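> Quick check, what structure comes out for this input:
(chains A and B)
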Number of protein chains: 2
Amino acid sequence: MIKNQIPPIQRVLIVGGTHGNEFTGVYTIKKLQQHPNLVQRQNFETITLLANPQAFAAVRRYLDKDLNRCFRQADLQDLTRSSYEDIRAREINHLYGANGKTPVDVVVDIHSTTANMGLTVITHEHPFNLQLVAYLQSVNPLVKVYILPKSLEASSLPSICELGCTIEVGAIPQGILQADRFEETEGLVKDILNYLELYNRGEVPLFKNSFTVYSHCGTIDYPRNESGEIQAMIHPQLQFQDYQPLNPGTPMFLTFKGEAIAYEGSSTIYPVFINEAAYYEKGIAMCITQPQQIFLKKK
Amino acid sequence: MIKNQIPPIQRVLIVGGTHGNEFTGVYTIKKLQQHPNLVQRQNFETITLLANPQAFAAVRRYLDKDLNRCFRQADLQDLTRSSYEDIRAREINHLYGANGKTPVDVVVDIHSTTANMGLTVITHEHPFNLQLVAYLQSVNPLVKVYILPKSLEASSLPSICELGCTIEVGAIPQGILQADRFEETEGLVKDILNYLELYNRGEVPLFKNSFTVYSHCGTIDYPRNESGEIQAMIHPQLQFQDYQPLNPGTPMFLTFKGEAIAYEGSSTIYPVFINEAAYYEKGIAMCITQPQQIFLKKK
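This next block holds a predicted model:
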């Protein structure tokens, strides 16, 4: 039995469509809203939310700005911010944030990515979250865990509360559903709710006390010219190789002329979000991680 | 030697970015504009065009309406049409159409698709076009040929002239580049220009006189409810199976509840554009084709 450091979970928020063109999350929420019994559990309440309905209607990531970068506390309090997504972020925070109408204890935000990240769970290094993701990996060994520093998560929707995670499933193009990925995502949501139920009951099973996570170290942009235009693509040898080691001297980009550009760092890195469509505009060709062994404390 | 039924080609238009979020075409055009020697041939002029630069800047298929549905002759003459894409279509037609400033003889329009269509060339059944695509397939046996009735092509950009084709390469998500697919696309453009050069010289080589094309027969939409919301996804067994036979009784869709919906037609069909992102809004889950053997006349 794992010691409960956090009081029982009372309310859980499952979110989809924070990005309107990531259909997996949108249709998961639509399904759960039509069949609320799927998320009902005995000892906590589950709320479902389609976060950016107007972006979904427009089949775009966002209308004015990325909703998942609008949740910094200072920004939420800045009432001069009046874009659709700023207003929507305030609404969501007023409903479900710590001082909201019905504050939630855990947020699960469902995303998809064009990168080959399989079933990824993103969270920050809180003991509760680490135990949650360790459980998810013990139930499904295909689950990968990507740890972000809390400071980097501060503008994201899940930052409205301390506990929870972002689900990233890929490779899925924007604007489509892939049935196998949809079912895997749904399975992950179910496993999370099951864990919370076990946690509330004090019945979290013993599982292996060490597991591997991938910790965020930074990002790498595409080679660009003075105008900011990209000058190279992800090298075919690196495409789809998320979570695989990339060694110094190995091809990383391919210029439009067909010349390989090698990774010139001094140590092996483990890229993720390789060739994510939404990150071209953010100046990110891939995120860099290092694998790290996590040892859970048990009682 | 194949008899020349069409006078020598004088001017060829290579187009990319007709859809702003199909980066393969956009960056192919950018490259060709930076290195015009790549499209220079001795006996005809090649012009390159980024068709929808504003949609590319916005990383969207289009701003107001699909540019590749704006080229119907009646629509081009209707000056009350004033969307960005309507105006852009008129500009393109005024420049390169039959009565334009510098009319072109051949149009090649480069697209990408989220469907697994490999290297597809789409055209209508004109003897010149059929010989062109037969040549492309003889040079690269991976090339698939998809024949549209001319009436269905009438609103597309290539309809501004009789000769040419649309290139569709996939599976590629919207808004990204995939290096291997980029190079394959570039290779196809080069092969087309090489063919036109040979044609003008009267030196088109003998190649096999029969080949397989896939002729468009219709489309199938997703199952939807009264509000138009989709109720099922492409079945995992059908996903990525473009150009493969789909037999009556075989799973076609999977509902969100996990129930398979079978194809209920009476004969085998060959779907393409399976799960193309841009076709959700058009009411198309896939296009239906039938393979057809084409026999070229030789002299």
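> Only the buried residues of the top helix by length along chain A, if you could.
The longest helix of chain A (DSSP state H) is helix A:179-201. Judged by neighbour count (16 or more other Cβ atoms under 10 Å in any protein chain shown), helix A:179-201 contains these buried residues: A:179, A:181-186, A:188-189, A:191-193, A:195-197, A:199-200. Every C-beta, even on glycine, is put in place using the N, C-alpha and C of the backbone.
> Run through who's touching the very next helix or strand once past that helix.
Next along the chain after helix A:179-201, taking DSSP states H and E as the criterion, comes strand A:210-220. Residues from elsewhere that reach strand A:210-220 (Cβ atoms under 8 Å, 6 or more residues apart in numbering or on different chains): A:130, A:133-134, A:137-138, A:144-149, A:152, A:243, A:252, A:269-272, A:283-296.
> Out of those residues, list just those in strands.
Counted as lying in strands by DSSP state E, out of the contacts of strand A:210-220, are A:144-147, A:252, A:270-272, A:286-295.
> ok, and for the helix or strand bottoming out on mean pLDDT in chain A, which residues are buried?
Lowest mean confidence among the helices and strands of chain A (mean pLDDT, DSSP states H and E): helix A:150-153, at a mean of 86. Judged by neighbour count (16+ other Cβ under 10 Å), helix A:150-153 contains these buried residues: A:E153.
> can you check stretch A:236-256 too?
A:236, A:238-243, A:246, A:250-256.
> And stretch A:121-137, what's buried?
Buried positions in stretch A:121-137, judged by neighbour count with 16+ other Cβ under 10 Å: A:121-124, A:128-137.
> Need the residues that contact it.
Stretch A:121-137 is contacted from outside by A:2, A:5-6, A:143-150, A:153, A:162-168, A:188, A:191-192, A:195-196, A:198, A:204, A:207-208, A:211, A:213, A:294, A:296-297, using Cβ under 8 Å, 6+ apart.
> Quick check on those: which are buried?
Taking 16+ other Cβ under 10 Å as the criterion, what is buried in these is A:2, A:143-148, A:153, A:162-168, A:188, A:191-192, A:195-196, A:204, A:211, A:213, A:294.
> the strands in the stretch 1-150 of chain A, which residues?
Using DSSP state E, counting those that start in this stretch, the strands of the stretch 1-150 of chain A run over A:11-16, A:45-50, A:106-112, A:118-123, A:144-147.
> Do the third one and chain B come into contact?
Read that as strand A:106-112. No - using Cβ under 8 Å from any Cβ of the partner chain, strand A:106-112 stays clear of chain B, coming no nearer than 10.3 Å.
> before we move on, the earlier item: now, among the buried residues of stretch A:121-137, which is nearest to chain B?
A:I122 (20.0 Å; Cβ to the nearest Cβ).
> Is the closest residue to the closest one other than its chain neighbours bridged to anything, and to what?
Of all residues beyond its chain neighbours, the one nearest A:I122 is A:T166 (4.2 Å), with distances taken as Cβ to Cβ, 6 or more residues apart in numbering or on different chains. For A:T166, the beta-bridge partners under DSSP bridges are A:D109, A:I122.
> A:T166: what's it in contact with?
A:T166 sits in contact with A:108-111, A:121-123, A:156, A:158, where contact means Cβ under 8 Å, 6+ apart.
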